[in-house]
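> My questions concern the predicted model and sequence given below.
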Amino acid sequence: GSEPVLPDIDGLDGAGAWTSERATTADAVPGRLVVIGGGVVACEAATAWRSLGAEVTVLVRGRSLLSDWEPCAGEEVARGLTGLGAAVRFGVTALSLARDADTGEVSVETDDGGVLRCDELLVAVGRRPRTAGLGLEDVVPGYPASAADRLPVDDTGRVTSVPGGWLYAIGDVSGRAQLTHLAKYQARACAAALVERAAGRPAEGGPRQPWSAGAARTAAARAVFTLPELASVGLTERAARGAGFTVRTAEYRTDDVAGAALHADGYRGHAKLVVDADRRVVLGCTLTGPMATELIHTATVAIVGDVPLDRLWHAVPAFPTVGEVWLRLLEAYGL
């Protein structure tokens, strides 16, 4: 598994700060909550606690939320948080923390010269693999290789740096996407590989074999439960261009689909498709808005199956549903 990363902030050890575990198990709503971070955990927690009535302030060191997503995703979540009444402050870093022993109030000194006071503080700046204390330094050459302490694996879960191939790792420790559903996917593949090899077979033959979790590298679907919901799979436009693909994109406002108005009043959402223009297959997709987490699976299937756009065009969505956005995206692309 993994554990929260704790940044180097003066006074953090004595402030009794929340991490993601405490943020999801607390039995009372704090009057004032400061969230340090701009990733998925920070955004989800800020949304949840603000919805429950806490006064929430989010401190983001960078200039956007969810910086590894498409820009539209972070923009929509920032708009959603402020619409709920939360304060989102960009370009602000916490310098020191102190909890008053008598009142329990936490003071947060920031690098812009301000001081925030709150009842609880959530630190959500990332997670790292939990590999310490297992004795890996005795069996894994070069461990620990970095502060991340990951265990790089092949698609069957076998740790690539261990001679003899006897050590396997799945989930967060493998350095792949830290998602529950992908850890389960890796577990199924790893179990199949172990059975295959125990029978004297090599467990080889390509990415679509039952003992391969290769899709975790190219088609890792992510779901974020904020207001609005976010979902993505595959590569962002920036990542696809960085990987050397010839990229074309298509974008469409999901709220312009007829089914959106039937699904919810005031529906607001955005859809973006990233396409390999040479092969005409989907490389990535990002959705925002109600039902985004349900709609993303269509893109996952398209990416895993390398479905050409010309064939995807014939997968006609029903009218009037929100899923009609797929037709609109393909029209926007130029089919």
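That came in fine, so what should we check first? Residues are numbered from 1 along each chain as shown.
> What segments of the chain are helices?
The residue ranges that make up the helices of the chain, judged by DSSP state H, are 20-23, 40-51, 71-84, 180-198, 215-218, 237-242, 258-263, 292-304, 309-312, 325-333.
> what about the second one, average pLDDT?
In this model, helix 40-51 has a mean pLDDT of 97.
> that older thread, kindly compare burial across the helices of the chain and name the winner.
Of these, the one with the most neighbours on average (mean count of other CB atoms under 10 Å) is helix 40-51, at a mean of 23. Just so you know, the C-beta spots here come from the backbone N, C-alpha and C atoms, and that holds for glycine as well.
> Report the backbone C-alpha coordinates of it in PDB.
The C-alpha coordinates for helix 40-51 follow below in PDB (Å, rounded to 0.1, in the frame of the first residue of the first chain):
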ATOM      1  CA  VAL A  40      -7.400  14.500  -5.700                       C
ATOM      2  CA  VAL A  41      -7.500  13.900  -2.000                       C
ATOM      3  CA  ALA A  42      -7.400  17.700  -1.200                       C
ATOM      4  CA  CYS A  43     -10.200  18.400  -3.700                       C
ATOM      5  CA  GLU A  44     -12.400  15.500  -2.600                       C
ATOM      6  CA  ALA A  45     -12.000  16.300   1.100                       C
ATOM      7  CA  ALA A  46     -12.600  20.000   0.600                       C
ATOM      8  CA  THR A  47     -15.800  19.300  -1.300                       C
ATOM      9  CA  ALA A  48     -17.000  16.800   1.300                       C
ATOM     10  CA  TRP A  49     -16.300  18.800   4.400                       C
ATOM     11  CA  ARG A  50     -17.600  22.000   2.900                       C
ATOM     12  CA  SER A  51     -20.800  20.100   1.900                       C
END
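> I'd like to know which elements that helix is packed against.
Under the contact definition 3 or more CB pairs under 8 Å, 6 or more residues apart in numbering; DSSP states H and E, helix 40-51 sits against helix 20-23, strand 32-36, strand 55-60, helix 71-84, strand 222-224.
> and those as a markdown table, adding distance to T160 and mean pLDDT?
Below are those laid out as a markdown table (distance: least, CB to CB, whole Å; pLDDT from 0 to 100):
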| stretch | distance to T160 | mean pLDDT |
| --- | --- | --- |
| helix 20-23 | 29 | 93 |
| strand 32-36 | 35 | 98 |
| strand 55-60 | 36 | 98 |
| helix 71-84 | 32 | 96 |
| strand 222-224 | 25 | 97 |
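> follow-up on the earlier one: looking at the helices of the chain, spot the one closest to V125.
For the helices of the chain, the distance to V125 is smallest for helix 40-51, at 7.8 Å, taking CB to CB.
> tell me the angle of the closest one relative to strand 55-60?
Per axes from the mean of the first three to the mean of the last three CA atoms, to 10 degrees, the angle that helix 40-51 makes with strand 55-60 is 160 degrees.
> partner residues bridging the most centrally placed residue in the chain?
Nearest to the centroid of the C-alpha atoms of the chain, with distances taken as CA atoms, centre = their mean, sits R222, at 5.1 Å. Each beta-bridge partner of R222 is listed here, defined by DSSP bridges: S232.
> wait, it sits on T236?
No. Contact between R222 and T236 fails when scored by CB atoms under 8 Å: they sit 11.0 Å apart.
> Tell me which residues touch the nearest residue to R280 once chain neighbours are set aside, please.
Setting aside the residues directly before and after it, R280 is nearest to L309 in space (CB to CB, 6 or more residues apart in numbering), at 4.8 Å. L309 is in contact with V275, R280, V281, V282, L330, Y333, L335, counting by CB atoms under 8 Å, 6 or more residues apart in numbering.
> same question, R32
If you count contacts by CB under 8 Å, 6+ apart, then R32 has A54, E55, V56, T57, R117, C118, D119, E120 around it.
> Let me have the residues you listed in TSV, extended by distance to E21 and neighbour count.
As requested, the contacts of R32 are arranged in TSV below (distance: CB to CB, whole Å; neighbours: other CB atoms under 10 Å):
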residue	distance to E21	neighbour count
A54	18	22
E55	22	16
V56	19	26
T57	21	20
R117	24	12
C118	19	22
D119	18	18
E120	14	25
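> Where does pLDDT dip in this structure?
Segments of the chain classed as low confidence (criterion: pLDDT under 70) are 145-148.
> mind checking how far the residue lying closest to E196 once chain neighbours are set aside is from A215?
Distances taken as CB to CB, 6+ apart put A203 closest to E196, at 4.0 Å, once the chain neighbours are dropped. A203 sits 16 Å away from A215, taking CB to CB, to the nearest Å as the criterion.
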